[in-house]
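Engineer: Everything below, folded, please.
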Amino acid sequence: MPELHWQKSSFSGGPEGNCLNIATAPDGTLRLRESDTPDDILHTAPRSLAALLRHIKRTDPPQT
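Structural biologist: Numbers count the residues shown, from 1 in each chain. Purely as a prediction, here's the structure:
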């Protein structure tokens, strides 16, 4: 597999320094990984990730 160009999420970089990274593979799918476990990579389609993000934004945060 060709080298991927990983981009850090603009919401990453908390006090622990953990970051979410995303890259687009040559086949158009997306790759997601966390900086503290870079060998664990999730694969998804852009449409599926967009649907997940829309769902998260619509869902009320849990009550604490």
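
Engineer: Would you indicate which residues of stretch 28-39 are buried?
Structural biologist: Neighbour counts over stretch 28-39 (16 or more other Cβ atoms under 10 Å) mark Leu30, Arg31, Leu32, Arg33, Ser35 as buried. Every residue, glycine included, has its C-beta placed from N, CA and C.

Engineer: Ok, stretch 20-27 next?
Structural biologist: By 16+ other Cβ under 10 Å, the buried positions in stretch 20-27 come out as Asn21, Ile22.

Engineer: same check, this time on stretch 42-57
Structural biologist: Neighbour-count burial for stretch 42-57, counted by 16+ other Cβ under 10 Å, picks out no residue.

Engineer: Can you name the residues that contact the most centrally placed residue in the chain?
Structural biologist: What sits nearest the mean C-alpha location of the chain, by Cα atoms, centre = their mean, is Leu32, with 4.1 Å. The contact partners of Leu32, taken as Cβ atoms under 8 Å, 6 or more residues apart in numbering, are Leu20, Asn21, Ile22, Ile41, Leu42, Thr44, Leu49.

Engineer: Now intersect those residues with the strands, please.
Structural biologist: Of the contacts of Leu32, the ones assigned to strands by DSSP state E are Leu20, Asn21, Ile22, Ile41, Leu42, Thr44.

Engineer: Once you drop chain neighbours, what's closest to the last one?
Structural biologist: For Thr44, the nearest residue in space outside its immediate sequence neighbours is Leu30; the separation is 5.2 Å by Cβ to Cβ, 6 or more residues apart in numbering.

Engineer: Model confidence for that neighbour, exactly?
Structural biologist: In this prediction, Leu30 carries a pLDDT score of 96.

Engineer: measure it to Asp60 for me?
Structural biologist: To Asp60, Leu30 is 26 Å away according to Cβ to Cβ, to the nearest Å.

Engineer: shouldn't Pro2 be in contact with Asp27?
Structural biologist: No - the criterion here is Cβ atoms under 8 Å, and Pro2 misses it with Asp27 at 10.6 Å.
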